[in-house]
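1. Got a sequence here, can you build the structure:
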Amino acid sequence: MRCMPRARAVALFGFLAAVLAMPAAWAGGNRAPGRVRNLTCGETIGVTRFPYLGNSRPQYQSRLVLGAASVPPAYLAQVVATHDQPWRYWRKAGLVIRSGSERVTLSVPKEWRNRAAIVWGNGGDSVFSSVRISGCGSNPHSGNAYAGGFYLRSPSACLPLIVRVGTRTQIVRFGIGRRCP
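-> Numbers count the residues shown, from 1 in each chain. Predicted coordinates:
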C-alpha cells in the first residue's frame with residue numbers, strides 16, 4: 001500500500017470531517033429550540049409614539065400586551081417561501097416595546113419549537129425560540145421599534161406566543177397565513 005503525502009492526507013481528513021459534520025450543521029445550524037436572543041438598545045429601527053397602533057383599520061392594528069409591547073395583529077397574511085431548510089416560510093412583522101418598560105420576553109412555547117421560530121433585531125440568519133428586549137430609553141410615551149418576524153416549517157400556523165413582562169405573562173395568538181379561531 002502506498003503512503004499518501006502528509007499535506008494531502010491532512011487535506012483529505014479535513015474534507016471528510018467537514019462532510020461528516022454537514023448533516024449536524026444542517027440539523028442544528030439555525031434551529032430555534034432553546035435558543036435565546038438578547039436584543040441591545042442599538043438594534044432599534046426607530047422610535048415611535050406608544051402605544052403603537054400601526055394602522056387606522058382595526059383588523060390591521062398592533063395589539064397592546066401587558067402595557068409594554070405592541071405586537072402584530074392577530075391575522076398575518078402574505079407568508080413568503082424562504083426556499084431554506086428547515087424554516088421554509090417567513091412572515092415579516094414589526095414589534096414596538098415601550099421605552100423604560102421592564103424586560104419583555106417573547107417565547108415560542110416548547111411544544112411549538114420544531115414548527116415555528118422568531119427573530120427580532122439584528123439576528124442575522126439565526127432564528128430563536130425566545131427574544132428578550134429591554135425597555136430602552138425613559139419616555140413612557142415612546143416606543144422602540146424592531147424589525148423581525150416569524151419563521152415556519154409549514155405555510156401557515158395558528159401560533160401562540162408567550163409574552164412576559166417582569167412577572168406577568170400573557171399568551172398572544174397569531175394566525176400566520178390563515179385565520180384562526
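2. Now do the buried residues in whichever strand or helix holds Phe174.
-> When elements are assigned from DSSP states H and E, Phe174 belongs to strand 168-176. Residues of strand 168-176 classed as buried: Val172, Phe174, Gly175, Ile176 (neighbour count, 16 or more other C-beta atoms under 10 Å). Yep, even glycine has a C-beta here, placed from its N, CA and C like the rest.
3. and that strand, C-alpha only, in CSV?
-> Taking Å, rounded to 0.1, in the frame of the first residue of the first chain, the C-alpha atoms of strand 168-176 are listed here in CSV:
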residue,chain,number,x,y,z
ARG,A,168,-46.6,39.0,34.3
THR,A,169,-47.4,36.6,31.4
GLN,A,170,-49.8,36.6,28.6
ILE,A,171,-50.3,34.2,25.6
VAL,A,172,-50.9,36.1,22.3
ARG,A,173,-52.1,34.1,19.3
PHE,A,174,-51.1,34.8,15.7
GLY,A,175,-52.8,33.5,12.6
ILE,A,176,-49.9,33.4,10.2
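4. which other residues reach that strand?
-> 63, 65-66, 71-72, 74-76, 79, 91, 93, 150, 152, 156-163, 180 (C-beta atoms under 8 Å, 6 or more residues apart in numbering).
5. circling back: for the buried residues of strand 168-176, which one is nearest Gly124?
-> Ile176 (21.6 Å; C-beta to C-beta).
6. Near the closest residue to Glu102 other than its chain neighbours, how many other residues are there?
-> Distances taken as C-beta to C-beta, 6 or more residues apart in numbering place Gly166 nearest to Glu102, at 4.1 Å, with adjacent residues excluded. For Gly166, the count of nearby residues is 12 (other C-beta atoms under 10 Å).
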